[in-house]
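Trainee: Give me a model of this one.
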Amino acid sequence: MTAIKHALQRDIFTPNDERLLGIVNVCKAGKKKKNCFLCATVTTERPVQVKVVKVKKSDKGDFYKRQQMWELRDLTVVDAKDASKENPEFDLHFEKVYKWLASSTAEKNSFISCIWKLNQRYLRKKLEFVNVSSQLLEELPKAEESVPSGESQSVAGGDEDALEEYQELSTREEQDIESMMEMCEFAVSNAEAFAEKLFKELQVLDGANIQSIMASEKQVNILMQLLDEALAEVDTIEGKLSSYEEMLQSVKDQMDQISQSNRLIQISNTNNGKLLDEIQFLVNYMDLSKGHIRALQEGDLTSPRGIEACISASEALLQCMNVALRPGHEQLAAVNQQQKLFAELRDTFARRLTNHLNNVFVHQFNHFSYFKMTIPQYYRSSCLSLPGHDQSSTLSQNTAELSLPKHSPLHRDLLRYAKLMEWLKNTHREKYEGLSRTYVDYMNRLYEREIKDFFEVAKIKMAGTSKEAKGKFATLPRKESALKQETESLHGSSGKLTGSTSSLNKLTVQGSNSRRSQSSSLLDMGNMSASDLDVADRTKFDKIFEQVLSELEPLCLAEQDFISKFFKLQQHQTVLPPLAQPETEEVDGSVPSRVPPQADHRHSVSSEKDLVRLMMNKIFQSIEPELNSLIALGDKIDSFHSLYMLVKMSHHVWTAENVDPASFLSTTLGNVLVTVKRNFDKCISGQIKQMEEVKISKKSKVGILPFVTRFEEFAELAETIFRNAERRGDLDKAYVKLIRAVFMNVEKVASESQKTPRDVVMMENFHHIFSTLSRLKISCLDAERREAKHKYTDHLQSYVINSLGQPLEKLNHFFEGVEARVAQGVREEEVSYQLAFNKQELRKVIKEYPGKEVKKGLDNLYKKVDKHLCEEESLLQVVWHSMQDEFIRQYKHFEGLIGRCYPGSGITMEFTIQDMLEYFSSIAQSH
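Mentor: Modelled structure (predicted):
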């Protein structure tokens, strides 16, 4: 170890002006042994800095290197693990705890002793040494303590002797030596002479000291005599103090007896006070007044005063039962007796309260059931009692007001017991759950009956409205039994729709002149017509559907609010009782209610909000199938009803989700919205399918295609319905699908047309589409609007060119030959020298087209165009004007060729541009 210490001092610490005072060979405790050295060092320059350095041997050679360093002033605790036994482990607490394992206990003790001495000498800080033997922590000699800090001296190993022999000069001593050396001129130049001089002066001083000591012998004797007298006086005083001490000891014994008596009295008083506190605690918190006991046993649960008394008594009983007893109270017989009394009162009152509330539920249910007679049942019985009477007509004329009965009186009556239900929930869970099951069962039956009757009225209103509208169209061909069959299906045993969705016939309205009446009913999906009466009929349906949703929303919200308040299901976590276990039931064997099945009756839910929602699912399990049935009927009557239903349902779902996204109402309406969206998609698919199946007449001109007209009607209706709607995106997607189908099928029909030219079919229909989109300003169809305009313009130009053809046929052939010669390389001014294209041939051709013949040809062309075009779009003048422009363009082209190829010939056409304008104008006016 000495060699290692020497090597470390030479290689690591000397270059840094440091001295190595302590070293120990260590490795980290509990890990794979990687030996290193902990070194205690001090700097050789002032102020002195004391450090603990971790030195590790390099892996690539035999030299050592610093790995980590700590200041000794940062050290807080030195833990040697065990002071009595040899243990090489120790801990150093710097900013964190470092655990070390020394190679030997002796090295560890030597290093800890070195740390202690360095701290005592240089830092004097409060450093805690734990489990360290006291022998290692010896005090430094006084001489060492007087040495000022900052000196670099060895304190461990072989440097200790040198440290004890050497003492640093004090400041005063340094000043005296300097003044003495200044007095001697040769103190520096001749040290031996200076030393000899000092030695002589020292001998003189020693002699003077001896003489002074011998002269003071008499005074010493006098001092010794005084000391003897002082000792005798001290002995006298000690005797007196001993007698005083005996007297005080007697007084002390008496005071101890008095103190003991006072302490026993104080303990007794303390015990009595504590006993009184315990008795007062038990009396105050475990005593129930006679009035409360009487209210719990015999209190009136029907009158407001009796209910208030029972609430106060139940709260007092709950406080007594929930009091936190102190240790040992449960062993007292009086406490056990009171607890038994409280349990009996709790059970008695819970039984009375449960029986009373059960009776209230039954009474209220019977009350509503007895006095409730639904209008549809009344009118159904009335109509059936009249032989030969049209039942559906009577229902449509005499349907009752579409509204649901209010249960606010029932809720108001039961809310008086809300605090008692909370008490029952906290004290008797089984009876609380039993009451919950009873309430849910009764209300389920009551609401199922009311909702069934309510939806039956709504269906009758819808069916009745549809039949009234049909009766007002004398020209409406239909099967008389179709609607009657639908109406009769509404009066089955369950009041649900059981017939096929195709039971209503497809209705069409035919006419001879009207463009709207040329097409079938809107997409032949159960629509009557696109007339104002049909729009009014749809508006009535919209109002009925909105009224249905507006009646259901407050009903569900009121019931949910009541359940939350009455059953106290608002704040705390709970366990789902058997009452709220949802069941999967089938309505009429076809439409399953959307309540997820549960495996057992003790399924946990995350919060009481979920419990409220499950109770609502049980109570209102008929709402969703009834809504789906109503939607099916509306879609059967008129597929466009799905547009109204989608907007209304989306708005109500959005409103419900803003209030509570996880509520029963929000979930149920969201499920129904899926059905409505599916019907809407089906309506769009039906329109597209009819476009693909459209057939055109081979004997008459095509005109505006029926599905183009229907798209216009659909867009007008949709824009009216979806104005400011939340689900505008669904309509935009439908628009894109429909317009692409319209474009594709217009091109398909135009290609198949035999009577009407393809360009006319494309031009007229795309012009109609462009006009519709420009008028309605549907932003999502801007690209399609531009495309429609482009197609209309292209096909207009194509039709004009193809129809106009070559009205001056021979002249056209002549100039085509001229252009061919020029294209072959003949110069334009040399064309007139060609035999077939000389000036005489040109004059001969021009004479064949006088103005009268040109006008006659244009008149025939006008009649031909008039036969091709339909009256609805009024494109005749537009096409005629385009033909005029095209004819003028050809005329100017011919004149240009004459001017370039026959310069100076004076040859001109038989008619001028002004003549042509007059021809076109007169022909248009004559027709």
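
Trainee: tell me which residues of stretch 881-898 are tucked away?
Mentor: Buried residues in stretch 881-898, counting neighbours by 16 or more other Cβ atoms under 10 Å, are found at 882, 883, 884, 886, 887, 890, 891, 894, 897, 898. In this view, the C-beta of every residue, glycine as well, is placed from N, C-alpha and C.

Trainee: For this structure, give me the ranges with low pLDDT.
Mentor: 31-33, 61, 138-169, 368-401, 464-535, 570-607, 698-700, 804-807, 871-874, 927 (pLDDT under 70).

Trainee: Which of the buried residues of stretch 881-898 fall within strands?
Mentor: Within these, no residue falls in strands by DSSP state E.

Trainee: Helices - which of the residues you listed land there?
Mentor: Members of these lying in helices (criterion: DSSP state H): 882, 883, 884, 886, 887, 890, 891, 894, 897, 898.

Trainee: Include distance to residue 118 when you put these into TSV, please.
Mentor: Formatted as TSV, those follow (distance: Cβ to Cβ, whole Å):
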residue	distance to residue 118
882	112
883	117
884	118
886	114
887	119
890	118
891	121
894	122
897	120
898	124
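
Trainee: Between those residues, which sits nearest residue 453?
Mentor: residue 882 (66.0 Å; Cβ to Cβ).

Trainee: nearest spatial neighbour of the closest one, skipping sequence neighbours?
Mentor: Nearest residue to residue 882, sequence neighbours excluded (Cβ to Cβ, 6 or more residues apart in numbering): residue 800, at 4.5 Å.

Trainee: quick check, that neighbour in a strand?
Mentor: No - assessed with DSSP: H, G, I helix; E, B strand; the rest coil, residue 800 is helix; it does not lie in a strand.

Trainee: and it, what is it in contact with?
Mentor: By Cβ atoms under 8 Å, 6 or more residues apart in numbering, the contact set of residue 800 is 879, 882, 883, 886.

Trainee: any idea how far it is from residue 921?
Mentor: 17 Å (Cβ to Cβ, to the nearest Å).

Trainee: Residue 448 too?
Mentor: 78 Å.

Trainee: just residue 271 next, same as before
Mentor: For residue 271, the distance to residue 921 - Cβ to Cβ - is 131 Å.

Trainee: and what of residue 417?
Mentor: Distance from residue 417 to residue 921, by Cβ to Cβ: 94 Å.

Trainee: next one: residue 19
Mentor: Distance of residue 19 to residue 921, given as Cβ to Cβ: 124 Å.

Trainee: Show me which of the two is the more surrounded one.
Mentor: Between residue 19 and residue 921, residue 19 has the larger neighbour count (other Cβ atoms under 10 Å), namely 18 against 12.

Trainee: Reduced to three states, what does the more buried one come out as?
Mentor: When classified by three-state DSSP, residue 19 comes out as strand.

Trainee: Over to residue 256?
Mentor: Taking three-state DSSP, the label given to residue 256 is helix.

Trainee: How is this structure partitioned into domains?
Mentor: Listed by the TED database, the domain ranges of the chain are 1-136, 194-233, 234-286, 290-376, 694-805, 812-926.

Trainee: Tell me which of these sits most buried.
Mentor: Of those, the one with the most neighbours on average (mean count of other Cβ atoms under 10 Å) is domain 694-805, at a mean of 18.

Trainee: where's the strand or helix carrying residue 731 relative to the chain centroid, distance-wise?
Mentor: Here residue 731 sits within helix 728-752, counting by DSSP states H and E. Centroid separation between helix 728-752 and its chain, computed with Cα atoms, centre = their mean, to the nearest Å, is 38 Å.

Trainee: For it, which outside residues touch it?
Mentor: By Cβ under 8 Å, 6+ apart, helix 728-752 touches 643, 646, 677, 680-681, 684, 687-688, 691-692, 694, 696, 702, 705, 707-708, 711, 714-715, 718, 722, 725, 758-759, 761-762, 765-766, 769, 778, 780-781, 784, 787-788, 791.

Trainee: try 7 Å
Mentor: Helix 728-752 has contacts (Cβ atoms under 7 Å, 6 or more residues apart in numbering) with 646, 677, 680, 684, 687-688, 691-692, 694, 696, 702, 705, 707-708, 711, 718, 722, 758, 761-762, 765-766, 769, 778, 780-781, 784.

Trainee: Please enumerate the helices of the stretch 501-650 of the chain.
Mentor: 515-518, 532-566, 608-619, 623-637, 641-659 (DSSP state H, counting those that start in this stretch).

Trainee: quick one, which of those helices is nearest to residue 809?
Mentor: helix 515-518 (38.3 Å).

Trainee: Quick check, central residue of this protein?
Mentor: residue 661 (11.6 Å; Cα atoms, centre = their mean).

Trainee: quick one: which helix or strand includes it?
Mentor: Going by DSSP H and E, residue 661 is not part of any helix or strand.

Trainee: residues contacting residue 826?
Mentor: Residue 826 neighbours (Cβ under 7 Å, 6+ apart): none.

Trainee: A strand includes it, no?
Mentor: No - Residue 826 is assigned coil when assessed by three-state DSSP, not a strand.

Trainee: Phi and psi next, for it.
Mentor: Residue 826 adopts backbone torsions of phi -70, psi 130, taken as degrees, to the nearest 10.

Trainee: and it, how far is that from residue 543?
Mentor: 82 Å.

Trainee: now residue 177
Mentor: Distance, residue 177 to residue 543, by Cβ to Cβ: 121 Å.

Trainee: Check residue 878 too.
Mentor: From residue 878 to residue 543 the distance is 43 Å (Cβ to Cβ).

Trainee: And the helices in the stretch 251-400 of the chain?
Mentor: Under DSSP H, counting those that start in this stretch, the stretch 251-400 of the chain gives helices at 290-298, 304-321, 333-371, 375-384, 391-398.

Trainee: do the stretch 751-900 of the chain as well
Mentor: Counting by DSSP H, counting those that start in this stretch, the helices of the stretch 751-900 of the chain are 758-776, 782-804, 809-823, 839-847, 851-868, 876-901.
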